[in-house]
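Need a 3D model of the following:
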Amino acid sequence: MRNLLLKRSLSIGDHFLKSAYKGWDGVAPEKCFQIPTDNIEGEVPRDLRGTYIRNGPGLVQKYGQEFAHAIDGDGIVCSLGFPGDGSIKFQSRFVETDKRLDEEQAQKYLYRGQMGTISEDQRKQDAEKVKQGMATGKLPKFKFRNPSNTNVWHWNDRLISAYETSIPYGLNPENLETLGKETFNGTLALGRLGAHFRVDTFDPKNHRLVTGAFSRSPLKSFAKLEINEYNSDASLHRGNIFEVEGLTYFHDLAILDDYYVIHNSPYVVMDFREAVRILAGDRGPQDMMSYNSHLPSEFIFLPRSGGPEDKETRITTPFPFHMYHFGTCSRQGENVTLTATALTGQFDMSWEYRYWLSNMCKAPGRFNRFDVNLKTGAITADELDPASNEFPTSHPFRHGHPGTRFNYLMGCDEPGRGLPFLDIVKVDAEQGPPGRQVWRADGLISEAVFAPRAGYSSVTEGDEDDGWLLTQFYNPDKPDQSEFLILDARDVAAGPVCRIKLGFKMHYPFHGTFTPTVF
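Here you go, the predicted model:
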């Protein structure tokens, strides 16, 4: 049976990789309706109660301007509400950022993208402004688009839509209406919010939202990293701004009881020369991403207390890599276990096959476990799974807790292949390959979001993998159709218990979350 699956997967892998671009075609629709029972194959679990929400670009072309990368596309948020009676409410709506509204009013592409999308007129105008700025010794400031397309989560009374270099937007969870810029009551000192967050449940009765934001001037040798903790009512519990020497990139963080953990990548250079080239439109920020042997690859442990007497701890990794996403992490005394998808070798941010966000075919992601001793600085690394992968997920309410071990990967589980992502892989950080489970799909899957069966109570109730996985699915041979799938997280290899057929296509998502609250 394994050989049959392997041959089938290799065959459809070649086919789908060449046609995967279809998932970005056109403009994603805005909808609100109850999923017809005829569109549900299998049975919706009655103990799946809450709302699945996801974010991603809803277009990659606008007013005649082809985007250089999907990351520049306007964000569209989708939600699936599961009240627990077998019914499903679907909604989708673009995030109405100020810049999106400006462009709609002008009926013209106005703002350049962070990933290099720029019109020829803009390029000429910006190059001239940079030339004049160089002559006066002061570089101009340009307005980049804020597509608000990377992640979305529920906190307090609203949804938060985030894109890491810009201010987030608040959304009404009932109808996905954009409420406006979300400043968290003016507490975002850097004027932006990263796309990833953690829920601190070390005190099971007082959950806190932990957010990160990054800013660095090309004229400085350090970056400012703002990490805030918010109470359940969105009031600020604790705010820290760390000045982190040499940090050139930040996307995700892990949390332990006493530390925030980030990774310092050797794949990003940030200096004055590169900044000038980007502002002039000669290069996009993604062009800065390639391996630099003179830069360190290291984990940085930042004390959560943020006191002046508390020092950061830096530990060089056993091999150099770039990373976007942490998986599970835990701590026992001075010993810390981190998991993450490591991108190595020739990694860059090419929009490969106009499908995936980086060159996974040349530089596939590998899921690794890192064991660190904070006292001695010793560190070891072990590859936990052979599949090329990205977007690892885990139990959202047990992050950082001792003993957490289950990770769910968006994978390509075939030797020698980096893409496309056809498989959901469950990885046990304690057992490694012997404990893995794989479901091989008949199309392209996305991030697998974990929905705990016990909801918020799952912090202390039930097994760590007692819940469901939700993922968006697309078969390029049916280019106008998208589905959402539900799998039992305890038995991933069994495949979907339910397939939800939309009857139309939604573009590929980036990240999503699950809240036990039903809207």
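
name the element the spatially closest residue to residue 169 that is not a sequence neighbour belongs to?
Distances taken as CB to CB, 6 or more residues apart in numbering place residue 161 nearest to residue 169, at 4.7 Å, with adjacent residues excluded. For every residue, glycine as well, the C-beta is placed using N, CA and C. Secondary structure assignment for residue 161, by DSSP states H and E: strand 158-162.

Please apply the same query to residue 244.
Going by DSSP H and E, residue 244 is in strand 236-245.

Now that strand: buried residues?
239-240, 242, 244 (16 or more other CB atoms under 10 Å).

and what of stretch 100-119?
Going by neighbour count (16+ other CB under 10 Å), the buried part of stretch 100-119 is 100, 103, 109-119.

Could you list the paired strands of the helix or strand just after the strand holding residue 244 along with their orientation?
Using DSSP H and E, the helix or strand that follows strand 236-245 in sequence is strand 254-255. Strand pairing for strand 254-255, using DSSP bridges, gives strand 259-264 (antiparallel).

what comes up buried for the following helix or strand past the partner strand?
With elements assigned by DSSP H and E, the helix or strand that comes after strand 259-264 is helix 272-279. Buried residues in helix 272-279, counted by 16+ other CB under 10 Å: 274-276, 278-279.

Show me what whichever helix or strand comes after helix 272-279 is packed against.
Proceeding N to C from helix 272-279, the next assigned helix or strand is strand 298-303, under DSSP H and E. With contacts taken as 3 or more CB pairs under 8 Å, 6 or more residues apart in numbering; DSSP states H and E, strand 298-303 sits against strand 236-245, strand 259-264, strand 313-316.

quick one on the thing from earlier: from the buried residues of helix 272-279, which is closest to residue 299?
Of all the buried residues of helix 272-279, residue 274 has the smallest distance to residue 299: 25.0 Å, by CB to CB.

Now do the contacts for that closest one.
Contacts of residue 274 were listed using CB atoms under 8 Å, 6 or more residues apart in numbering, and they are 218, 283, 288.

ok, now residue 404?
328-330, 394-395, 398, 429, 464.

got TSV for these, with secondary structure, neighbour count and pLDDT too?
Output for these, formatted as TSV (DSSP: H, G, I helix; E, B strand; the rest coil; neighbours: other CB atoms under 10 Å; pLDDT from 0 to 100):
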residue	secondary structure	neighbour count	pLDDT
328	strand	28	98
329	strand	25	97
330	strand	21	97
394	coil	22	98
395	coil	26	98
398	coil	22	97
429	coil	25	97
464	coil	19	98
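
Confirm residue 15 sits in a helix?
Yes. Counting by DSSP: H, G, I helix; E, B strand; the rest coil, residue 15 is located in a helix.

Show me the shaky parts of the stretch 151-300 of the chain.
281, 284-286 (pLDDT under 70).

and residue 439, what are its bridge partners?
Listed beta-bridge partners, residue 439: residue 424 (assigned using DSSP bridges).

Tell me which strands the strand holding residue 161 pairs with, and in which orientation.
Here, using DSSP bridges, strand 158-162 pairs with strand 151-155 (antiparallel), strand 169-171 (antiparallel).

quick one, helices of the stretch 101-250 of the chain?
Applying DSSP state H, counting those that start in this stretch to the stretch 101-250 of the chain gives helices spanning 120-136.

just the strands in the stretch 301-450 of the chain please.
Ranges of strands in the stretch 301-450 of the chain, per DSSP state E, counting those that start in this stretch, are 313-316, 322-332, 335-343, 366-373, 379-385, 388-393, 406-412, 423-428, 432-440, 444-445, 449-452.

and for the fourth one, what are the contacting residues?
Read it as strand 366-373. 299, 315, 317-318, 327, 334-342, 344, 378-389, 392, 407, 409, 427, 429, 432.

on that earlier part again, hey, C-alpha coordinates of the strand holding residue 161 in CSV?
Backbone C-alpha positions of strand 158-162 (Å, rounded to 0.1, in the frame of the first residue of the first chain) are rendered in CSV as follows:
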residue,chain,number,x,y,z
ARG,A,158,-12.7,41.5,18.2
LEU,A,159,-10.6,39.8,15.6
ILE,A,160,-7.1,41.1,15.0
SER,A,161,-5.8,41.1,11.4
ALA,A,162,-2.1,41.5,11.2
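
That strand: how far from the chain's middle?
Relative to its chain's centre, strand 158-162 lies at 14 Å (CA atoms, centre = their mean, to the nearest Å).

The helices and strands packed on strand 298-303: which one's closest to residue 498?
strand 259-264 (35.7 Å).

Please check which residues sit opposite the nearest residue to residue 312 once chain neighbours are set aside as beta-bridge partners.
Leaving aside its sequence neighbours, residue 312 sits nearest to residue 302 (CB to CB, 6+ apart; 5.3 Å). With DSSP bridges applied, residue 302 shows beta-bridge pairing to residue 260.

thinking again about what came up before, can you redo the strands paired with strand 158-162 as a markdown table with distance to residue 518 and mean neighbour count?
Putting these into a markdown table (distance: least, CB to CB, whole Å; neighbours: other CB atoms under 10 Å) gives the following:
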| stretch | distance to residue 518 | mean neighbour count |
| --- | --- | --- |
| strand 151-155 | 11 | 25 |
| strand 169-171 | 16 | 25 |
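
Same list, these, but as CSV with distance to residue 470 please.
Formatted as CSV, the strands paired with strand 158-162 follow (distance: least, CB to CB, whole Å):
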stretch, distance to residue 470
strand 151-155, 14
strand 169-171, 19
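
quick one: which of those strands is nearest residue 31?
When those are compared by CB to CB, strand 169-171 sits nearest residue 31, at 15.5 Å.

now the closest one: how far from the chain's centre is it?
How far strand 169-171 lies from its chain's middle: 18 Å, per CA atoms, centre = their mean.

Now restrict the contacts of residue 274 to buried residues only.
By neighbour count, with 16+ other CB under 10 Å, the contacts of residue 274 hold 218, 288 as buried.

Out of the contacts of residue 274, which is nearest to residue 479?
Nearest to residue 479 among these, counting by CB to CB, is residue 283 at 33.1 Å.

Please report how far the nearest residue to that closest one once chain neighbours are set aside lies from residue 214.
Spatial nearest neighbour of residue 283, excluding adjacent residues (CB to CB, 6+ apart): residue 277 at 4.6 Å. As judged by CB to CB, to the nearest Å, residue 277 and residue 214 stand 21 Å apart.

With residue 57 instead?
Computed as CB to CB, the residue 57 to residue 214 distance reads 21 Å.

The residue nearest to residue 312 is in contact with residue 260, isn't it?
Yes. Assessed by CB atoms under 8 Å, residue 302 is found in contact with residue 260 at 4.5 Å.

List the residues that are in contact with both of the two.
Shared contacts of residue 302 and residue 260 (CB under 8 Å, 6+ apart): residue 227.

picking that back up, name the residues of the strand holding residue 161 that are buried.
158-162.

Switch those over to a markdown table; also include distance to residue 29.
What follows is the buried residues of strand 158-162, written out as a markdown table (distance: CB to CB, whole Å):
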| residue | distance to residue 29 |
| --- | --- |
| 158 | 23 |
| 159 | 19 |
| 160 | 23 |
| 161 | 18 |
| 162 | 23 |
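
Tell me the one among the residues you listed nearest to residue 201.
Among the buried residues of strand 158-162, and counting by CB to CB, the member closest to residue 201 is residue 160, at 18.1 Å.

hang on, the earlier thing: what two of the contacts of residue 404 are the furthest from one another?
Across the contacts of residue 404 (CB to CB), the longest gap, 13.4 Å, separates 329 and 464.

Count the neighbours of residue 221 for me.
By the measure other CB atoms under 10 Å, the count of residues near residue 221 is 12.

Distance check, the closest residue to it other than its chain neighbours against residue 182.
Spatial nearest neighbour of residue 221, excluding adjacent residues (CB to CB, 6+ apart): residue 245 at 6.3 Å. With distances taken as CB to CB, residue 245 is found 30 Å from residue 182.
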